[in-house]
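Participant: any chance you could fold what I've pasted below:
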Amino acid sequence: MGFDREKLKQIRRMILYIALIVLVLIYSDEVFGAIGVFIGFMKPFIYGGVIAFILNIPLRFIENRIFRKWTGKLAEKLKRPIGIVLSILFVVLILNIVIMTVAPQLGKTLVELGTQIPVFAEEVVVKLEAVSVEYPQLEKYVADLENIEIDWQSALDSLIQFLKNGMTNVLSSTVTMAGSIIGGVMNLFIGFIFAIYILGQKEVLCNQGKRIVSAFCSERAERFVLKVCSIANRNFSNFISGQCTEAVILGSMFVIAMTIFRMPYALLVGVLIAFTALIPIVGAFIGCFVGAFLIMVNNPMQALIFIVMFLVIQQIEGNLIYPKVVGNKVGLPSIWVLMAVSIGGSLFGVAGMLFFIPLISTFYILLRDTVNERNARKQKKEKKPYYHNTGNKKKYYKSNHNQGKKDV
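Facilitator: All right, here's what the predicted structure looks like:
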């Protein structure tokens, strides 16, 4: 039995794919090491792509809503650079508001904490003295501890050795951290410049990408790739805008509620919770912990009331606001959101939590569309009429076996 040329090509491709998979599994350490080195080289461009994607959200709003009446050659030339500048100023303004709101209040709180620690220590000493009066047997335990002989010379030698090793580790860690900070700043700077180039020529880059896909893929594969890119772009954009909107709403609710109950640091805690709420599910709890600690410095009872208030507002936000603002935009059920956060967080930390929700949403939409299409084709075939031969005559029979079934 012979094979045609197309079948031989498919067999060769399958053998090549299997050989590549086997090689990757055998040399997995080297492969992942090479991928890590490649990602290290590409970090500035990855940062640039992320920055460009985030800035493109306000840029698109500015161009389509604010500058939509700008017509003419000069206006078309000025629309993009002015929009990029306004988008950068908008993001910088938001970050400046967060920093200027949090930093002064946080410094003031740390100063107050420093003044209240000695008072707290004195109260602890008074409590311990009262406990020792109520429980005389504690004095016996203290006396036994005083009779224990300590080899101070050995302890001092151990402390000196520890400090020597510690200073060496601190120095090496400082040099490593300084190098990481300088490298990170340089990567961010190069990425920022790269992002401006991407935003300035995004239509040209998009057209070039489509041409590359068209050149190397079949017509069916081209449609699939463009569909995936379109869904992913929509999901990521909707997720970022929805998450920011939800964070602002949640922070405003805390500012209003804390002001009504006359709790301290209302604006500071509201901004902190809004900023940390950008991290799905777990972010708001980080803001709650910081807010409860700041309030506890002044009044522990108010800190307890704040925690109860946080749980109430969190239930309202999780059951009413988040599904409407974020869930509907990405089209992802809550169970899938939890799975995306768990997988992304375990693999890549906070960045994985943010990245995996729109990624899983894209996979969910593609799977849903594929399942619906296959079920529709299957039911269409099952409902197709057929003919039955009896002798020399053809009689027409229509199957009623699947009547009443509805598309899922």
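
Participant: show me what stretch 44-57 is in contact with.
Facilitator: Contacts with stretch 44-57, where a contact means CB atoms under 8 Å, 6 or more residues apart in numbering, come from 39, 84, 87-88, 91, 186-188, 190-199, 202, 236-237, 240-241. C-beta: built from backbone N, CA, C; applies to glycine.

Participant: mind running it again at 7 Å?
Facilitator: When contacts are defined by CB atoms under 7 Å, 6 or more residues apart in numbering, stretch 44-57 is touched by residues 87-88, 91, 187-188, 190-192, 194-195, 198-199, 236-237, 240-241.

Participant: now do stretch 29-42
Facilitator: For stretch 29-42, with CB under 7 Å, 6+ apart as the criterion, the contacting residues are residue 24.

Participant: on that earlier part again, report the buried members of the contacts of stretch 44-57.
Facilitator: Among these, those buried by neighbour count (16 or more other CB atoms under 10 Å) are 87-88, 187, 191-192, 194-195, 198-199, 236-237, 240-241.

Participant: for residue 212, state which of those residues is nearest.
Facilitator: Checking these against residue 212 by CB to CB gives residue 198 as the nearest, at 16.2 Å.

Participant: could you measure from the closest one over to residue 245?
Facilitator: Counting by CB to CB, to the nearest Å, the separation of residue 198 from residue 245 is 25 Å.

Participant: make TSV out of the buried ones among the contacts of stretch 44-57 and add secondary structure and pLDDT.
Facilitator: Rendered in TSV, the data for the buried ones among the contacts of stretch 44-57 read as follows (DSSP: H, G, I helix; E, B strand; the rest coil; pLDDT from 0 to 100):
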residue	secondary structure	pLDDT
87	helix	91
88	helix	92
187	helix	87
191	helix	89
192	helix	90
194	helix	91
195	helix	91
198	helix	90
199	helix	90
236	helix	86
237	helix	85
240	helix	83
241	helix	82
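
Participant: neighbours of residue 270, how many?
Facilitator: Under the neighbour criterion other CB atoms under 10 Å, residue 270 is assigned a count of 24.

Participant: OK, contacts around residue 279?
Facilitator: By CB under 7 Å, 6+ apart, the contact list for residue 279 reads 350, 353.

Participant: so it, which state does it fall into?
Facilitator: Under DSSP: H, G, I helix; E, B strand; the rest coil, the three-state class of residue 279 is coil.

Participant: and it, what's its pLDDT?
Facilitator: Predicted confidence (pLDDT) at residue 279: the value is 76.

Participant: next one: the one 10 residues further on
Facilitator: Looking at residue 289, its pLDDT stands at 86.

Participant: make 417 the first number, not 1, from now on.
Facilitator: That works, and once the first residue is 417, the last one we named lands at residue 705.

Participant: skipping adjacent residues, who's closest to residue 507 in space?
Facilitator: With CB to CB, 6 or more residues apart in numbering as the measure, residue 471 is the residue that lies nearest to residue 507, at 6.7 Å, once sequence neighbours are left out.

Participant: so which helix or strand takes in that neighbour?
Facilitator: Following DSSP states H and E, one finds residue 471 within helix 444-477.

Participant: list the buried residues for that helix?
Facilitator: In helix 444-477, residues buried by neighbour count (16+ other CB under 10 Å) are 459-460, 463-464, 467-475, 477.

Participant: before I go, just wanted to say thanks for your time.
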